[in-house]
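S.K.: just coords:
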């Protein structure tokens, strides 16, 4: 977690996060480098957090710059017959 901004670290710890999931461990460094990153993993594995934790860190770090980081987060919602059963 130490790679994230202190405010992000404190917030996620307050919400009970103790360590990253494997996909978060793999994806967060790429997102922090500002690379376009495609994160693919099973449902419930922490993909959203893998994207947003580092983006929040970058936003905090660059918030004072007028022409700074911009964020686009795209997620694919796929309707499946399994979802219809729930």
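M.R.: Right, received. Where do you want to start? Keep in mind it's a predicted model, so treat the numbers as computed, not measured.
S.K.: going forward, measure contacts and count neighbours with C-alpha atoms only.
M.R.: OK.
S.K.: which outside residues touch stretch 24-41?
M.R.: The contact list for stretch 24-41 (C-alpha atoms under 8 Å, 6 or more residues apart in numbering) reads 3, 23, 46-47, 49-51, 53-55, 57-58.
S.K.: for it, give the mean pLDDT please.
M.R.: Across stretch 24-41, pLDDT averages out at 93.
S.K.: what about that stretch, start to end distance?
M.R.: Stretch 24-41 stretches 10 Å from its first residue to its last (C-alpha to C-alpha, to the nearest Å).
S.K.: which ones among the contacts of stretch 24-41 are found in helices?
M.R.: 23, 47, 49-51, 53-55, 57-58 (DSSP state H).
S.K.: circling back: select only the buried ones of the contacts of stretch 24-41 in ChimeraX?
M.R.: Listed next is the ChimeraX selection for buried residues among the contacts of stretch 24-41, using 16 or more other C-alpha atoms under 10 Å:
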select :23,46,47,49,50,51,53,54,55,57,58
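S.K.: distance to residue 29 added to the ones in helices among the contacts of stretch 24-41, as JSON lines?
M.R.: As requested, the ones in helices among the contacts of stretch 24-41 are exported to JSON lines (distance: C-alpha to C-alpha, whole Å):
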{"residue": "23", "distance to residue 29": "11"}
{"residue": "47", "distance to residue 29": "13"}
{"residue": "49", "distance to residue 29": "13"}
{"residue": "50", "distance to residue 29": "9"}
{"residue": "51", "distance to residue 29": "10"}
{"residue": "53", "distance to residue 29": "11"}
{"residue": "54", "distance to residue 29": "8"}
{"residue": "55", "distance to residue 29": "11"}
{"residue": "57", "distance to residue 29": "12"}
{"residue": "58", "distance to residue 29": "12"}
